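Engineer: got a sequence here, can you model it:
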Amino acid sequence: MAQVLPAERDLRRVIGDGDGVPDGEVEGLDEQALVDLYRSLVLLRTYDERSVVYHRQGRIGTYAIFWNHEAMQAGAVHALSDDDWIFPSYRESAIGLLRGMPAATVLSWWRGHPAGWWNPADYNVGSICVPIATHVPHAAGLAWGKKLDGEPSVAIAFFGDGATSEGAFHEGANFAGVMSAPLILLCNNNQWAISTPLSAQTAAETLADKAVGYGMPGVRVDGADVLAVYEAVREAAERARAGGGPTFVEAVTYRCAPHATADDPRAYIDLERVEEERARECVGRYDGYLRRLGVLDDALTEEIRGEAAEMLRRGIAEAESLPEPDPAVVFEWAYAEPPPALAHDLAELRRVLGGSLG
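Structural biologist: Below is the predicted model of the structure:
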């Protein structure tokens, strides 16, 4: 069970520090499940680190970094069933990998290639949402629809602390509360909405306090503790399936990397805090936990890291081997009955591009 720390407004943790703070455990996770969770963490970490390199090499576009946010993503996904739905924001762009999505698909999304879009029903993963909080009502609506159909599925929406300042978040959360929809609202509170600190976003003492206004429980967990996230999301999913309605989970961490590759956070970030948080980042913390349990060693670690690195190598090679897309795709899906002017616009685009595409 998680340890609840009243001094930090009931922040829940499971993983200790190997010294003065003892480790807890989560009921129902055997050794294989614990290792599988580690495998997902490493896969996400490898994807994120390689994507930064690919961006610097000009092989993908501007990229939203999620270093040290992997525990929220892996912990939550492992707590769900395959029938449950995931609605990611741009910070969770690679979460589909945990549902079997090819790395080339996600990398193609960052390359702006049509192959980077998928049928959400193939993985029960919605499209990556770039506008802030607009996917929260979508998740609430799907969850309500599943309830009306008598299905036991749960939906989870991932969003940052800045999203709680948006109207779309309020509308989705309020709708879910009123309809008792089986929805989990997972807030990645990394203390920053790009360069705006949490203190300038809300007067609420915690973001979890906002849940009261929507008639749902609010839970706070250590966002760098994958087991605490897993336990909180599993409990929220069980509650939702039992007809208890939505839950707000505030996963508290601190952003240790730029908002995106186009950002220089040195102008606003607390650099000392960054170094403190990097020393207790989520993959290393869980690595230490598993080693203290005796279920992880150097050989297994290298095997898992090697598998993840090879997946990314194959993924970027596959993404870069795709043929150039026909620019007509930009126009084909905009209107049921395209206006005549679009034909002229497409012809002009082909001329600008040299007439060699499509």
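Engineer: which stretches in the stretch 51-200 of the chain count as helices?
Structural biologist: Secondary structure of the stretch 51-200 of the chain (DSSP state H, counting those that start in this stretch): helices at 70-78, 103-110, 120-123, 135-148, 167-179.
Engineer: so who does the most centrally placed residue in the chain touch?
Structural biologist: Residue closest to the mean C-alpha point of the chain, counted by CA atoms, centre = their mean, is Glu92 at 2.8 Å. Residues in contact with Glu92, defined by CB atoms under 8 Å, 6 or more residues apart in numbering, are Phe66, His69, Gln73, Ile86, Ile128, Phe158. Heads up, the C-betas are built off the backbone N, CA and C, glycines and all.
Engineer: and if we set it to 6 Å?
Structural biologist: When contacts are counted by CB atoms under 6 Å, 6 or more residues apart in numbering, Glu92 touches Gln73, Phe158.
Engineer: one more: Ala173?
Structural biologist: By CB under 6 Å, 6+ apart, the residues touching Ala173 are Tyr214.
Engineer: before we move on, what about Ala319?
Structural biologist: Ala104, Leu107, Ser108.
Engineer: relative to Leu11, how far out is the first one?
Structural biologist: Translated: Ala104. Distance from Ala104 to Leu11, counting by CB to CB, to the nearest Å: 38 Å.
Engineer: that older thread, by neighbours, which of the contacts of Ala319 wins?
Structural biologist: The most crowded member of the contacts of Ala319, judged by other CB atoms under 10 Å, is Leu107 (28 neighbours).
Engineer: all strands for the stretch 101-250 of the chain, in order.
Structural biologist: Along the stretch 101-250 of the chain, counting by DSSP state E, counting those that start in this stretch, strands occupy 155-160, 183-189, 192-193, 196-197, 218-222, 247-252.
Engineer: now render these as TSV, adding mean pLDDT.
Structural biologist: What follows is the strands of the stretch 101-250 of the chain, written out as TSV (pLDDT from 0 to 100):
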stretch	mean pLDDT
strand 155-160	98
strand 183-189	98
strand 192-193	95
strand 196-197	95
strand 218-222	97
strand 247-252	98
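Engineer: got the ones you listed as a markdown table, with mean neighbour count and distance to Arg266 columns?
Structural biologist: As requested, these are arranged in a markdown table below (neighbours: other CB atoms under 10 Å; distance: least, CB to CB, whole Å):
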| stretch | mean neighbour count | distance to Arg266 |
| --- | --- | --- |
| strand 155-160 | 28 | 20 |
| strand 183-189 | 28 | 22 |
| strand 192-193 | 20 | 13 |
| strand 196-197 | 14 | 15 |
| strand 218-222 | 25 | 26 |
| strand 247-252 | 27 | 23 |
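Engineer: nearest to Ala341, of those?
Structural biologist: Nearest to Ala341, of all the strands of the stretch 101-250 of the chain, is strand 155-160, at 37.3 Å by CB to CB.
Engineer: could you tell me the angle between that closest one and helix 135-148?
Structural biologist: On the basis of axes from the mean of the first three to the mean of the last three CA atoms, to 10 degrees, strand 155-160 is oriented at 170 degrees to helix 135-148.
Engineer: could you dump the strands of the stretch 101-250 of the chain into JSON lines and include distance to Gly58?
Structural biologist: What follows is the strands of the stretch 101-250 of the chain, written out as JSON lines (distance: least, CB to CB, whole Å):
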{"stretch": "strand 155-160", "distance to Gly58": "27"}
{"stretch": "strand 183-189", "distance to Gly58": "28"}
{"stretch": "strand 192-193", "distance to Gly58": "27"}
{"stretch": "strand 196-197", "distance to Gly58": "30"}
{"stretch": "strand 218-222", "distance to Gly58": "37"}
{"stretch": "strand 247-252", "distance to Gly58": "33"}
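Engineer: now for those strands, which one comes closest to Thr301?
Structural biologist: strand 218-222 (22.7 Å).
Engineer: can you give the distance from the closest one to the centre of its chain?
Structural biologist: For strand 218-222, the gap between its own C-alpha mean and the chain's C-alpha mean amounts to 16 Å (CA atoms, centre = their mean, to the nearest Å).
Engineer: repeat for stretch 190-209
Structural biologist: For stretch 190-209, the separation from the chain centroid amounts to 19 Å (computed by CA atoms, centre = their mean).
Engineer: just to revisit the earlier point, with respect to burial, which of the helices of the stretch 51-200 of the chain scores highest?
Structural biologist: Most buried of those by mean neighbour count (mean count of other CB atoms under 10 Å) is helix 70-78; its value is a mean of 28.
Engineer: pop the domain breakdown of the protein in here.
Structural biologist: Recorded structural domains for the chain (assignment: automatic domain parsing) are 3-322, 327-358.
Engineer: ranking those domains by burial, who's on top?
Structural biologist: Most buried of these by mean neighbour count (mean count of other CB under 10 Å) is domain 3-322; its value is a mean of 19.
Engineer: cheers, nothing more for now.
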